[in-house]
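Trainee: I would like to see how this sequence folds:
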Amino acid sequence: MDLTDMQPGQVLARGVCRLLSSLDFASVEEFVPARGLRMDVFALGPKGELWIVECKSSRADFNSDQKWQGYLEWGDRFFWAVDEDFPTDLLPEGCGLIIADAYGGEVIRMGPEAKLAPARRKKMTLKFARDAARRLQGLRDPGVEASWGPQAQA
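Mentor: The predicted model follows:
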């Protein structure tokens with residue numbers, strides 16, 4: 001997808017994923033940990049750590065997000081990702097901060113660690129792996145998505 005075809009949040013997510021890749025994390029955009037939730041970026045680190053990154057492209061985008069606190073229980077660290085012009089004083093202090101653009105980013109403030117329980121970690125790691133594999137398979141063979149069935153949405 002060309003940058004001109006992307007929404008501002010997608011552009012931020014692209015840069016965040018590039019940053020995370022440089023930190024040896026694999027990432028998935030628009031990850032659904034549970035029905036009714038959709039994280040902008042979910043990342044799996046080299047030691048099994050799970051990071052959540054919410055990308056906010058404007059004050060209005062941030063103010064309209066009513067679900068972000070529901071994401072905290074699904075990862076070990078939580079970050080906001082914004083561009084350099086975003087008014088960062090709006091963002092809660094107890095969260096990580098990434099400044100990004102389409103080409104990369106920088107962790108400005110590390111999110112506090114809240115380690116997941118082992119059963120939740122296993123569930124989320126497996127869901128990450130299965131979702132990523134299905135997305136890759138869907139890129140290589142778009143017709144295969146119809147055979148995934150309702151279990152693919154769980």
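
Trainee: When you work out contacts or count neighbours from here on, use the C-alpha atoms and nothing else.
Mentor: OK.

Trainee: what sits against the residue positioned nearest the centre of the chain?
Mentor: Nearest residue to the geometric centre of the chain (CA atoms, centre = their mean): Val41, 1.1 Å. Contacts for Val41 (CA atoms under 8 Å, 6 or more residues apart in numbering) come out as 13, 16-17, 27-31, 52-55.

Trainee: For ChimeraX, write the selection for the buried entries among the residues you listed.
Mentor: Typed into ChimeraX, the line below selects the buried ones among the contacts of Val41, using 16 or more other CA atoms under 10 Å:
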select :13,16,17,27,28,29,31,52,53,54,55
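
Trainee: Next step: the contacts of Val41 restricted to helices.
Mentor: Residues of the contacts of Val41 located in helices (DSSP state H): 13, 16-17.

Trainee: So which of the contacts of Val41 belong to strands?
Mentor: Judged by DSSP state E, those include 27-31, 52-55 as members of strands.

Trainee: what stretches of the chain score poorly on pLDDT?
Mentor: Counting by pLDDT under 70, the chain contains low-confidence ranges at 1, 145-154.

Trainee: my guess is Gly143 is in a strand, correct?
Mentor: No: Gly143: not assigned to a strand; according to DSSP: H, G, I helix; E, B strand; the rest coil it is helix.

Trainee: to the chain's geometric centre, what's the distance from stretch 78-87?
Mentor: Distance of stretch 78-87 from the chain centroid (CA atoms, centre = their mean, to the nearest Å) equals 14 Å.

Trainee: Sorry, wrong one. I was asking about stretch 61-81.
Mentor: Computed by CA atoms, centre = their mean, the chain-centroid distance of stretch 61-81 equals 10 Å.

Trainee: Fine, thanks again, bye for now.
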